[in-house]
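Novice: let me see the structure of the following:
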Amino acid sequence: MPAARPPFAVSTLSLPRPCRRRAPAAWIAAMLVGGCAPSVGDADTTGADGGGSTGVADGSSGGGGGSMSTTAAMTGTPSDTGEVDSSGGVDSGQVFVVPPDGGGGASECDPRVQDCPRGQKCSAWANDGGTFWNATRCIDVGGRGVAGDTCTTEGGGVSGIDDCAAGFICLNTDQNGQGTCVQFCQGDNRDCGPGDVCAIYNDGVLPICLVGCDPLLQDCPMTQSCIDTPNGQFICFSDASGNAGLDGDACPPDDGENSCDPGLWCGPGSNGCDSVNCCTPYCDLADPQCMSPDVCTSFYGDPDSAPPGFEDVGVCVLP
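Specialist: Numbers count the residues shown, from 1 in each chain. All right, here's what the predicted structure looks like:
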């Protein structure tokens with residue numbers, strides 16, 4: 001099965017992910033952002049029901065603390081500790097998701113419980129002037145935006161200052177700092193609304209609820225890709241591939257999981273890949289369509305280990 005890969009990237013932000021070998025189902029989201037997760041652990045994503053990771057996906061590149069950033073490209077991936085790291089790219093409004101390199105910044109509050117004084121909210125930010133969220137802080141509530149509402153950030157995409165309500169953060173921002181409010185996962189159970197998945201990035205600094213999706217259908221909004229998470233779930237995230245990300249293109253750990261075009265997986269093991277990870281197609285085990293010598297291999301290593309509804313998800317890799 002393919003080796004683990006780094007965190008993925010997003011068009012507005014990116015998160016890092018751990019670099020280690022895993023089966024197709026083993027890896028995963030700073031829209032957010034993408035790449036190789038840090039040593040702190042694998043990115044952790046759970047559905048609204050709080051389900052844990054399963055099968056090969058747990059060992060995938062998406063695992064391990066991920067990171068997100070808000071530069072032209074933000075990168076990062078979730079981690080077992082719930083944090084994400086990210087590395088920045090050009091300030092072009094794109095973001096990549098990659099796993100954290102290990103360790104997060106100082107945090108003064110918990111975004112899942114919103115334990116700040118009245119009139120303030122707990123938000124993630126980059127306390128080192130960097131391009132990924134590495135800490136949390138209490139800031140004044142600057143608006144009433146909730147999930148799906150248009151929002152605006154102040155001081156950059158990773159400042160944490162925006163006009164979203166308490167319990168929400170402005171992500172997927174463009175060059176003008178305009179993006180969409182995304183809900184933080186709630187409580188110890190990391191609850192999210194129906195259809196959403198809790199993806200925890202940057203060593204727990206960025207626990208966010210993202211829309212779930214089907215990698216075979218790529219049923220995400222335009223400009224987004226359906227990418228995998230550490231626990232074998234799939235989420236919609238900004239497509240940060242730009243002019244690259246084609247089948248066979250290298251997608252280094254620092255670039256993030258969302259650095260491949262929609263419908264492609266960033267990981268090891270495909271024919272002709274001379275990099276740590278390369279973009280290769282997702283495939284349907286019920287109707288395999290891979291270019292020889294690659295074969296359609298279960299993303300989870302064993303279809304019986306796949307979550308309900310994802311039994312036929314595979315990736316094109318060498319047998």
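
Novice: just the endpoints, please. Distance across stretch 118-129?
Specialist: 27 Å (Cα to Cα, to the nearest Å).

Novice: no no, stretch 308-318
Specialist: One end of stretch 308-318 sits 26 Å from the other (Cα to Cα).

Novice: flag every buried residue along that stretch.
Specialist: Taking 16 or more other Cβ atoms under 10 Å as the basis for neighbour counts, the residues of stretch 308-318 that come out buried are F310, E311, D312, V313, G314, V315, C316, V317. (Glycine included, C-beta is placed from N, CA and C.)

Novice: and for it, what's in contact with it?
Specialist: Outside stretch 308-318, the residues within contact range by Cβ atoms under 8 Å, 6 or more residues apart in numbering are 1-2, 24-25, 214-216, 232, 234, 265, 267-271, 280-286, 288, 290-291, 293-300, 303-304, 306.

Novice: now, of the residues you listed, which are buried?
Specialist: Using 16+ other Cβ under 10 Å as the burial test, those include 1-2, 24-25, 215-216, 232, 234, 265, 267-271, 280-283, 285, 290, 294-300, 303, 306 as buried.

Novice: just the ones in strands from those, please.
Specialist: Taking DSSP state E, the ones among the buried ones among the contacts of stretch 308-318 that sit in strands are F234, W265, G267, T280, P281, Y282, C283, V295, C296, T297, S298.

Novice: hang on, the first one packs against I227?
Specialist: Yes. Under the criterion of Cβ atoms under 8 Å, F234 is in contact with I227, at a separation of 6.7 Å.

Novice: rewinding a little: between which two of the ones in strands among the buried ones among the contacts of stretch 308-318 is the distance greatest?
Specialist: With distances taken as Cβ to Cβ, the most widely separated pair in these is F234 and V295, at 21.3 Å.

Novice: the residue lying closest to D110 once chain neighbours are set aside sits in which helix or strand?
Specialist: Sequence neighbours aside, C122 is the residue nearest to D110 in space, at 6.2 Å (criterion: Cβ to Cβ, 6 or more residues apart in numbering). With secondary structure defined by DSSP states H and E, C122 is part of strand 120-125.

Novice: so what touches that strand?
Specialist: 109-111, 113-116, 133, 135-141, 158-162, 165-167, 169, 184, 202, 205-206.

Novice: quick one: the strands in the stretch 151-300 of the chain, in order.
Specialist: Assigned strands in the stretch 151-300 of the chain, in chain order: 168-171, 178-183, 196-201, 206-211, 224-228, 234-238, 264-267, 278-284, 295-298 (criterion: DSSP state E, counting those that start in this stretch).

Novice: got the angle between the helix or strand that the last one is followed by and strand 278-284?
Specialist: Per DSSP H and E, the first helix or strand lying C-terminal to strand 295-298 is strand 313-317. Using axes from the mean of the first three to the mean of the last three Cα atoms, to 10 degrees, the interaxial angle of strand 313-317 with respect to strand 278-284 works out to 140 degrees.

Novice: just the angle for strand 313-317 relative to strand 234-238, thanks.
Specialist: Going by the same axes, to 10 degrees, strand 313-317 is angled at 60 degrees with respect to strand 234-238.

Novice: what angle do strand 313-317 and strand 224-228 make?
Specialist: Direction vectors for strand 313-317 and strand 224-228, defined by the same axes, to 10 degrees, enclose an angle of 90 degrees.

Novice: which sections of this structure are below the confidence cut-off?
Specialist: For the chain, applying pLDDT under 70 flags the ranges 1-105, 230-232.

Novice: same thing but at 80, please
Specialist: Of all residues in the chain, those with pLDDT under 80 make up the ranges 1-106, 201, 203, 229-233, 253-257.

Novice: follow-up on the earlier one: closest to V197 out of the buried residues of stretch 308-318?
Specialist: Using Cβ to Cβ, F310 is the member of these that sits closest to V197, with 12.2 Å.

Novice: against T229, how distant is that closest one?
Specialist: 12 Å (Cβ to Cβ, to the nearest Å).

Novice: check V313 too.
Specialist: In this structure, V313 and T229 are 13 Å apart, going by Cβ to Cβ.

Novice: try G160
Specialist: 23 Å.

Novice: equivalent analysis for T223, please.
Specialist: The gap separating T223 from T229 is 19 Å, by Cβ to Cβ.

Novice: neighbour count: those two, which is higher?
Specialist: Applying other Cβ atoms under 10 Å to T223 and T229 shows that T229 carries more neighbours, namely 38 against 13.
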